[in-house]
Every structure is written in structure tokens, then in C-alpha cells.
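> What follows is a predicted structure for the sequence shown.
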Amino acid sequence: MTNFSIRVISVFIGLFLLLLMPAASFAQTRTITGKITDDKGQPLTGISVSVDSTGIGASTNTEGRYAISFDRPGATLGFTGIGYLPRHVPVGDRTVIDLSLEPDVSNLGEVVVVAYGTQKKTNVTGSVSQIGSEQLERRPNLSTSAALQGLAPGVTVTQQTGSPGGDAGQIRIRGINSFGGSNSAPLVIIDGVAGSIDDIDANLIESISVLKDAASSAIYGSRAANGVILITTKRAKDKMSVLYRGYIGQQRPTAIPEVTDGLTYMQVFNDASMNDNGIKVYSDEDIEAFKKKYAENPSNYDWQDAILQGNGFTHNHFISLMANSGIVRVNPSLSYADQNGIIKNTDFKRYVFRNNMDITPSDKFNIKFDIAVTNKNRRQVASEGTIWNYLGRMPTNIPIRYGDRWSDGWVKINPVAYIDEGGNRGTNNLDLYGNLSLNYKPAPWLSFTGMVAPRYVTTNVHNFTKSVMTYIEDGSQAGAANTFTDLTETSYRYLYGTYQFFANAQKSIKNHNLNLMAGASRETYDEKYLMAYRRDFTYDDYEVIGAGADNATKDNNGSRDQWLLVSAFGRFNYDFKGKYLFEANMRYDGTSRFIKANRWAAFPSFSAGWVLSKESFMQDLRPVISLLKLRGSWGKLGNQNIGSSYYPFSETLNLGSISMGNQIYQMISQTNMSNPNLRWEETTMKGIALDATLFNKWSFTYEWYDKVTDGILLKLNTSQLTGLAAPYQNAAVVSNKGWEFSTRYDDQFGDFKLGVGFNISDVKNKITDMKGQTSGALLRQQEGYAINSIYGYIAEGFYQSQEEIAKAPVQFGTLKPGDVRYKDIAGAFDESGNAIPDGKITDLDKVIIGSTIPRYTYGANLDLGWKGITFSTFIQGVGKADGYLNAHYVIPAANSSAIKPWQLDYWRPDNTDAALPRVSITSTNNTQNSTLWMRSASYLRLKNIQLGYQLPSQLVKNMKLKNVFVYVNGQNLLTKTKFYQGYDPEINYNAAVSDGVSLGEGNYYPQVKTFTFGIDVKF
């Protein structure tokens, strides 16, 4: 153990002993008992009972009962609970004090879930955004990650597709810290255990806390650099109740690239061919023949309608039971979700069973035993990317069928045939989760908690691709794009283990309130991977490995990976009269993912707050300013998920074979150098914030932060004499600076309720050091610019004449009027260091032309209520972001693709002010990466709108029910954007790729708008 860790443990022990000292000074000679209830007579659990001006305290059990002993004459008991107005009662000669507490309407949401516990909102000094269950429920989001979009400032969620089972959102908190393959996703903790946010049904969630700064998340150490999301699930409260929630709905694509008819297609390609070589591709006879065939069967040329034949039907059902016997509380639930795609043979089904159980045998013991099972089945078309690629590409003068046979489409690819006969891709995920937690309170101020939480996950992927024969018009075979039928079966098994123990001590000494938490954890991971492959199936409807050919094409593979993380952690909180706040966190992590010398690291944080509204000089303003708090923080975080390997410090040996002398020999080789000195990426963050509440109705929060990440992976040049490629090194630095603002107003005027909320955040992302290196062609990493910037030429319009071309810099290919003119930048430098154009366009003239990281993200919601009628709407968007599509998605006549209506505005002698260059099949000049093909990816989206009705209580009571709510809901109904028509502005964000961004292509399942009708019934 290092000297540093010994000092840390010594400090914790000293503080702990300091807390223990006052406990022995009180003799216990008198006992007061009683029962605490709410305004409806229901017992209240966890109400704090204290003897004023002493350190003596107790709390109520599940029946609302308490007992407290002391020897102080003339004592007064204080009763406090989250969400209830405090009461102070003189004891006098009484031995039994029963009373009820009234709800504190202004502070019902004052408890915030933080790491390893909760805190009063007024005492929080870190940056924490809390999202309640009411913000997630009744919205048709199967993926909880997507449901977070726009709800919290500083949290950017991008959703590339609406694919059934594949609509998860990519979450980034306060910018992007890393590139080069390191994981930039936040850590997700579900009831104290690391997990996946999309493996939990939103109906099960009580609250979500987003820890955004180092002060709030440093206690998670080496995995907290990208922020932390804490999810708390619901637990039983009612004595007995049953809840059903369900909805049915319909999905439709938000945006589809509209295409022109076949006649227009032929005319445009004639223009393109004439521009290239003066020859028409389609003769007048060809055009007349097409007109005749089209008139006979127009639907046979409507590729988009034939592709989009899925019904898009979706339904979701959730039922839960709450039961409370006083000692045992259970909350079992079962949910079922079923979603059909907007193309046939695509769907998603999910089953989730969960039971949260609490056992409280006495005031000192509490046991939590939770189990959950999630089973997900996703079905896709085997070549689904090809289908979406051709949705806006397939030439519209080619028929779908010739009679009852598939046409050869384009180069033997027929996307409609792929849907019906091209095979399937099935993915099954089974997740088994358990959590056993024991809490022991030997004294009211001291508690110990131990937890064991295993998790077992299997993922099986069945990818069966069938060869589909296509035909030409005379009935003869044209061939198949997939020349053989093959099957790949992959299986992943993951076993997680989480073991935690921590102690919490809390004492109040007059006006000084202290809290100390210290603990340790051990987390394990074990992964197995198996793969089998066969092709050339005799019976192509028999989708098993054994039915494939037993020849040299068969293949199999397998691997196993493990890691271990051992940690010690602690937190110290202090406040004086609730006015002056201080918090310190420490995490000491050791991981198996680095060599021994770099295995351990400490991650500290410090934060402080000043509640000005509690100062005496603010007393006259308290009716107006309910809360005014200033806070600041500094801390260090880590990221151990660097690179694509579980062992980034080593390089995998390549196993293979070689044939020599008619013999096969096993061969082992190494192609890349390893770097044993790799360590975690480290993020240092500081920030200040101001919280305010006016009239107990209107709240504001403003935060500013500065975050710097060091040690980002880079491949630096090494000697070629080694014969090995360069290894990764911790070399790059990234800065994220920004601010966040959020506000909320809630009020009630008679029967009318009003709620309005708004949040906005700004982040400036910049790579400040790459050791002079750059990487990437279109998607660029370069010093002085944001991660994932767009790189290309600056387009300065179109050449209008051959004379203008003759005077211009040398460009690509054969230039003609109507071609793109690029800015000549590079050359020698003048005395001021400015580049002098050199008369030619080369790679040196490329510059950063855009940023894919949204500068601004925002969200706003409106909630109205009147006599049981509710209306809510939620808008979300981003500002100052750029997107990029190229090739046939946007360039007219590229790859012989369908023509979109907006592409008809191309340069011609009679249309010199066109938006696009001249059409060409062969031009290499106009297809260069440039500002011409970049578009703003900013957008404003009507994310959700809902109209509901709460049935009158008397009517519900007559039905022997407790509550009935019905509603209609619309999701993604309207999007305002300047991005390309027919493509969603979020299309370039791809969570499946290493850096989370994929530029250029549009071959993705589109986002969907969803219309649902739902009902909530409580029995």
C-alpha cells in the first residue's frame, strides 16, 4: 500500500473517531415513544426524531413508530422528514407523543440521489440534474437513453434511427472528452450496480440523477470521466395496490428522401451524359417504351412504397403489484413491449420481470433483495443497410418485378427481394440480475451497508444471408448479388460481479453537521465469445450451422476476456447551520487493465457552497428569494475504457498458418508494438454555479465549467527499424468549456395548473494538443479544433465560363462551366504567416469546415391542467452543429442513383444561379469533400405532445378502482431543420462506430413519429 493511501485511510479513521466521541457523553434515562402519520393517517417511515440541541436522534420504522431515550429536562423533540413540514413539540411529562406531519408543497422534490446515498437539494454542492419518473412515463420510448433527450442541461442525446430494438440514444455529458476509440459514454449505475440504461423499463424508474461535474462523480473514480447516470428504481410504498399501464400505437418515418419518376430520371441522366461526352444515354425510343410500361403498372416502379410495407404497429404493457405488511414490502412487475418495423420482417419484443423486496425485521436491520430478468428479441432483414441505402437510390425507371420474378434492380441488388427472401438477422439478449443488500444501524447516527450483486448476460446473433436470384426482362437469370447463402452464429456470455461494503456516520454537534461515508468495492468481469460460420446451404430454409457445406469455407473462432477493479472510496460532508457547505470525495482505484506500475490512481474532488438566503442580511427578502446558493467545485476523474481492448497495454498476437512443402504449419506473429506504459485518461474539472428560487415557485440554475482531459490515445511516429507499427500512447489533450442554464415555474390558479420549464447548455470543444499530428480524412482530429470536425475544401461557387476556368487554379479532372470552384489557400507564407495561394488545388488546401459537436442543446416543456384534463408538450433541439452527406445521397447523377426533386436545381446555361453544379457521371471535381455538400444539422423538434384525462375520483371509486388516466400521445411530430430534405439531422451520429460519428452516408433506418393511445389504471 502506498504512503498516499495510508494517509487517506488515516484521515478517514480520524474523522470517524471524532464523530464517535460525542456519543458516549449522553446517558439514556427517559424513553419517549409514539407514532408519526401523514395528513391522511398513513404511517410515515424514516421520519427523523431528535432531541433539540443534542446529538440524540432516532427514526420511525415502517409502521411509523419510534422510540427515543435521553436525560435532558425540559427537552423539545424535533420531527423532520423529506417532503414534510418540520414540527417541534415540548416533551413535558409525556411518555407518548403521537402526531401527524403536513406535506411541504414547496420542498417535495428536495431530495437528490447522489453516489451511495441521498442529500437534501439545498445541501448539494456538486452539479446534479435530477429527472423524475413523471418525465419518463407515458412516452412511447422503449429505449430509456432516448427518453433523456432534452431533459437535462449539459446532457446531449443523439438518436440516429427509430429501428425496433435499435433506437438507443448516444449520451454525452458536457462535451466529448476523447477520440481514437476510447469510450466516451457515461457510467450508468442502477440501484448501486453498473449496468445498461436501455436494459431497464422506464416504468420501473423512480428517478434519474445525472452527475455532471467532478465534485459529484469523482467518487466513481476511474470510470467517471464521462459523467455518471444514477438510476433509482421504484419500491413498494402502498399497503396493497396494482398498477396497469399500457398503450397501442402506430409508427411512421419522420423523413424519407423523396424521388422523382422514371421519366425525370432518364432526362437528367441524358443531361449528365451530354455534359460528359455529348451522347444521350436514353434515346427517344427508350423514353417512349418506358412511358408505355409505366402506364401499364405504375406501382411496379414505386420502390419506396414497396419497401415501406411494414405496419409499424407497437404496443406496450406494464403491470406491477405493491404490497406492504410492515416488515416485508414487495414490488413485483412484468412488462411486455412489441414493436413492428416500417419494413416487413423487422420487429422487436422485450419481456422484463423485476421484483424489488424490502425486509425490515427491526429498526436496526433492513434487507433489500432485488431480482430482474430481461429478454429481448430483435429481428432484422439480413442486408438491412443495403435496403436503406437503396430507398433513395434505386433508379426509378427500373421495375421491381418482371412478371412474377424479381428484376435485377441495380447490379443484381433488389431491395424488395432482400426484404422478402434475403434472409434475416436475429439478436437475442438475456439479462439476469440480482442484488442482495444488508443495512445495519447499531445507532441512529451510524449505519453499515454490504451488497452482493451478480449479473449474467448472454447475447446470441443469428445472421442468415440468402442468395436471391434476379432476372432480366426476357426471363433469363441475371444472377445474384449475394452469390451464396451463408450463416454466421455468434454467442457472447458476460458475467459481472459487484461487491460493496461501506459505512455512514452522521452527527450534529450544535450547529455543526457532519457526515462521513467510507467503503470499498470489488468488481469483476468475464466475457466469452464463440463464432461459427458455414455457407453453400443445400436447403436454404434450414437455418442451422450443420446444414451448411462441410468444406474449406467453414470457420469458427472464440476468445475470452476478463478484468478486475478494486476500489476504496469515501466522502466527507460538513455544513454549519445549513449555510456553509463543504464536501470532499476520494476514490482510490486499482485495475487489471494496466500494468502494476500504472494500476493504481487516486481521484479526489472538493466542493463548497454558501446558502446566502439563510443569512440574516437576506431575512427581509425571504418572501421573494426562497433560495439563493453559490457553489464551486474542483476534481479529477479517470477513464479506464481506453482503446478497443480490455488490455490496452499489450498487443494481441496474430494466430494463423502457412503452407510449406505440402505441410501446414501454425504461425504466430506480432504486427504492432505494445506500450506497457499506457495509463488511464485523466479529466480535471472545475466549475462554479448559482441556484435560486423565487416565491417558492420559480427556480433558476446557472453553471459554468472548465474540463480538460489529458492522456488521450495517439499513435506517434516510431522507428521503422522495428518492423512493427507504432503503438498507442497517452499523448493528446482535449478541452471542454461551457455553461448551462435551467429554469422552472410552477403555479396553480384555482383549478388551473401551470408548469413551464426550459434548459439550455453551451459547450466549446477543442483539441489543444496532438503532438503536431492529425488524423482522419473527412472526419478530422486536429489541434485547435473540435473532436470529429469536418475537413474539406471551401467551395466558392461555380465556374461560369471556360475563360474563367483558364484563369483559375488547376483543379481535378476536366473542368467545364458549372463545375465547383475551390478556394486556393496553401502555398508559401508571407511575413505575417499568412498562406499565399500557389495556383493549384491540392490536399494542402483542405481546412476544417465544420463541427459535428452541437454547440447548443436545449429543451422546453409546458404542462397544463384543469379539472382532470392535462396537456403537455415538449420540444428539444440543438444549435450550431454541422452534418455531412455525400455520394449518391446528395450529389445528382452520382452512382446512377434516383433523382430527388431538389436535385433538379443544377447548373445549366439557362440556370447559372443554381444551387448545385452541372450534372455529370464522370466528374471527379464536383464530388470532392467541401462546404458545398455540408449542411447545418441544427434542428428544433416537437418531441412529444400529450392530451390526457383523469377520471373523476367518485366515478373511479364506484368502479372499485383507485385511479384511471387515459391519454393520446404524439412523438417526433415535427422537425424544423435546414439539413437535407428526406434525411434526419441526427443521422451522422452513430453509436456503433469508435468515435460516435459516421459522416457521408444515409443508409440508416429512419427515425419514426409515433401516435399512441394509452391508459393507466390503479386498483
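Nice, I can see it. Residues are numbered from 1 along each chain as shown.

> And the residue nearest the centre of the chain?
Relative to the mean C-alpha position of the chain, the nearest C-alpha, by C-alpha atoms, centre = their mean, is the one of Ile171, at 2.9 Å.

> My guess is Tyr889 contacts Leu999. True?
No. Counting by C-beta atoms under 8 Å, Tyr889 sits too far from Leu999 to count as a contact (11.0 Å). For every residue, glycine as well, the C-beta is placed using N, CA and C.

> Any regions of the stretch 301-450 of the chain where pLDDT drops low?
Within the stretch 301-450 of the chain, no stretch falls below the threshold (pLDDT under 70).

> ranges for the strands of it?
313-324, 328-340, 347-359, 365-381, 401-402, 405-406, 423-443, 446-465 (DSSP state E, counting those that start in this stretch).

> now the stretch 651-800 of the chain
For the stretch 651-800 of the chain, strands defined by DSSP E, counting those that start in this stretch occupy the ranges 654-660, 663-669, 681-694, 698-715, 728-749, 752-769, 774-775, 779-782, 789-792, 795-798.

> ok, Thr144 - contacts?
Leu136, Ile197, Asp198, Ile200, Asp201, Ala202, Ile205 (C-beta atoms under 8 Å, 6 or more residues apart in numbering).

> how far away is it from Val352?
Distance from Thr144 to Val352, counting by C-beta to C-beta, to the nearest Å: 11 Å.

> joint contacts of these two?
By C-beta under 8 Å, 6+ apart, Thr144 and Val352 have these common neighbours: Ile200, Asp201.

> just to revisit the earlier point, out of the contacts of Thr144, who's nearest Ala894?
Asp198 (36.2 Å; C-beta to C-beta).

> can I get the strands of the stretch 301-450 of the chain in CSV with distance to Ile899 and mean neighbour count?
Below are the strands of the stretch 301-450 of the chain laid out as CSV (distance: least, C-beta to C-beta, whole Å; neighbours: other C-beta atoms under 10 Å):
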stretch, distance to Ile899, mean neighbour count
strand 313-324, 33, 19
strand 328-340, 31, 19
strand 347-359, 33, 19
strand 365-381, 26, 19
strand 401-402, 22, 16
strand 405-406, 23, 19
strand 423-443, 31, 17
strand 446-465, 30, 18
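
> Let's have the ones you listed in TSV, adding distance to Asn925.
Shown next, in TSV, are the strands of the stretch 301-450 of the chain (distance: least, C-beta to C-beta, whole Å):
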stretch	distance to Asn925
strand 313-324	47
strand 328-340	45
strand 347-359	45
strand 365-381	37
strand 401-402	38
strand 405-406	37
strand 423-443	39
strand 446-465	38
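
> Quick one: closest of these to Arg223.
strand 446-465 (15.9 Å).

> from the chain's centre, how far out does the closest one sit?
Distance of strand 446-465 from the chain centroid (C-alpha atoms, centre = their mean, to the nearest Å) equals 19 Å.

> before we move on, what about stretch 971-979?
20 Å.

> what does that stretch contact?
Looking at stretch 971-979 with C-beta under 8 Å, 6+ apart, the contacting residues turn out to be 139-141, 162, 254-255, 877, 883, 935-945, 984-985, 987, 1007-1012.

> List only buried entries from the residues you listed.
Buried members of the contacts of stretch 971-979, scored by 16 or more other C-beta atoms under 10 Å, are 139-141, 162, 254-255, 877, 883, 935, 937-945, 984-985, 987, 1007-1012.

> ok, Gly609 to Leu151 distance?
Taken as C-beta to C-beta, the span from Gly609 to Leu151 is 24 Å.

> follow-up on the earlier one: looking at the strands of the stretch 301-450 of the chain, which is closest to Met274?
Using C-beta to C-beta, the strands of the stretch 301-450 of the chain put strand 401-402 closest to Met274, at 29.8 Å.

> so where's the stretch 651-800 of the chain shaky on pLDDT?
Ranges of the stretch 651-800 of the chain meeting pLDDT under 70: none found.

> let's go with 90 and repeat that
651-680, 695-697, 713-730, 748-751, 772, 775-777 (pLDDT under 90).

> Quickly list what Ala337 is bridged to.
As for beta bridges, Ala337 partners with Asn316, Arg350 under DSSP bridges.

> Use 853 as the first number from now on
I'll keep to 853 as the first residue from here, and by that count the last item is Ala1189.

> can you tell me which residues contact it?
Per C-beta under 8 Å, 6+ apart, neighbours of Ala1189: Leu994, Asp1053, Thr1166, His1167, Asn1168, His1169, Phe1200, Lys1201, Arg1202.

> where's it relative to Pro1837, distance?
As judged by C-beta to C-beta, Ala1189 and Pro1837 stand 27 Å apart.

> And the contacts of stretch 1313-1331?
1234-1235, 1254-1255, 1257-1261, 1264, 1266, 1269-1270, 1273-1279, 1332-1343, 1392, 1395.

> Apologies, that question was intended for stretch 1286-1304.
Residues contacting stretch 1286-1304 (C-beta under 8 Å, 6+ apart): 871, 875, 907-911, 1043-1045, 1215-1224, 1305-1307, 1350-1359, 1371.

> Give the next helix or strand downstream of the worst-scoring helix or strand of the chain on mean pLDDT.
When the helices and strands of the chain are compared on mean pLDDT, DSSP states H and E, helix 855-872 comes out lowest with a mean of 45. For helix 855-872, the following helix or strand on the C-terminal side (DSSP states H and E) is strand 882-889.

> Give the buried residues for that next one.
Under 16+ other C-beta under 10 Å, the buried positions of strand 882-889 are Ile884, Gly886, Lys887, Ile888, Thr889.

> May I ask which two of these are separated the most?
Ile884 and Thr889 (16.6 Å).

> Using the three-state scheme, assign the residue nearest to the centre of the chain.
At Ile1023, secondary structure determined by DSSP: H, G, I helix; E, B strand; the rest coil is strand.

> wouldn't it be in contact with Ile1081 here?
Yes. Using C-beta under 8 Å, Ile1023 is in contact with Ile1081, at 7.4 Å.

> so how far is Phe1650 from the closest residue to Ala1789 other than its chain neighbours?
Leaving out its chain neighbours, the residue that sits closest to Ala1789 by C-beta to C-beta, 6 or more residues apart in numbering is Gly1735, at 3.4 Å. Per C-beta to C-beta, Gly1735 is found 23 Å from Phe1650.
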